[in-house]
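[1] Predicted model and sequence follow; I will ask about them next.
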Amino acid sequence: MSTIKLRNVLAPDLERCYEIESLSYSKEEAASKNNMLKRLNKFPQGFLLLENDKEIIGFINSGACHEVKLSDESFKEMLGHDKDGKYIVVMSVVIHPDYQKQGLLSLLMKKFIEDMKNLQKEEIFFICKKELIAMYEKYGFKDLGQSSSTHGGVIWNEMSLSLIQGKK
């Protein structure tokens, strides 16, 4: 029986995270190793790993800010990041292709959302491809419509989830 564990990233994890990122996104969409290192160094509490028997098989990474501009490519380099910002911008949500469609994303998303609530963040934002909207809506995210982001030459939709009880 395999052991699933969720934890925050550590420096030695970066190589495996980059490998999974590169498998999961096109070259144009995938984060650079340097940008992933910046995310680790500046906001490790927003970089959550999913392990299966001590092997990293997925992760979410993010930054915090006071003003959200999902089309701002510079934020992917953590420019404008402020750990005290009330908004979270997710840059990557990744499950290794060999482990997809096994319910593992649900564990990762629920823990990430819980962690951001515990950090007293107000809202989580990210962009996703149209075919993934329904999947993220299962976790309470709302589709805000097509994004002006042209990251990787792809059409994206903006998503958000309020973490304030009673606010939608």
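    Arrived safely. Not measured: the values here are computed from a predicted model. Numbers count the residues shown, from 1 in each chain.

[2] need the contact list for residue 3.
    Residue 3 makes contacts with 51, 52, 53, 54, as judged by C-beta atoms under 8 Å, 6 or more residues apart in numbering. C-beta: built from backbone N, CA, C; applies to glycine.

[3] which among those gets closest to residue 79?
    residue 51 (30.1 Å; C-beta to C-beta).

[4] count of neighbours near the closest one?
    18 (other C-beta atoms under 10 Å).

[5] circling back: and which of the contacts of residue 3 is nearest to residue 126?
    Closest approach to residue 126 among the contacts of residue 3 (C-beta to C-beta): residue 51, at 22.3 Å.

[6] following the longest strand seen in the chain, which helix or strand shows up next?
    Longest strand in the chain by number of residues (criterion: DSSP state E): strand 55-65. Next along the chain after strand 55-65, taking DSSP states H and E as the criterion, comes strand 87-95.

[7] same for the helix-or-strand element of the chain with minimal mean pLDDT, what does it pack against?
    Least confident helix or strand, the chain: helix 33-42 with a mean of 88, by mean pLDDT, DSSP states H and E. Judged by 3 or more C-beta pairs under 8 Å, 6 or more residues apart in numbering; DSSP states H and E, the packing partners of helix 33-42 are helix 14-24, strand 55-65.

[8] Might you list the low-confidence residue ranges for the chain?
    1, 71-78, 166-168 (pLDDT under 70).

[9] One more pass at 90, please.
    1-2, 21-39, 53-54, 67-82, 91-92, 127-129, 146-156, 164-168 (pLDDT under 90).

[10] hmm, back to that, highest average neighbour count across the helices and strands packed on helix 33-42?
    strand 55-65 (a mean of 23; mean count of other C-beta atoms under 10 Å).

[11] Partner strands of that strand and their direction?
    Paired neighbours of strand 55-65 in the sheet (DSSP bridges): strand 47-52 (antiparallel), strand 87-95 (antiparallel).

[12] pretty sure residue 142 contacts residue 161?
    Yes. The pair residue 142 / residue 161 is scored as a contact, 7.1 Å apart, by C-beta atoms under 8 Å.

[13] out of those two, which sits in the busier spot?
    The residue with more neighbours, out of residue 142 and residue 161, is residue 161; 20 against 14, by other C-beta under 10 Å.
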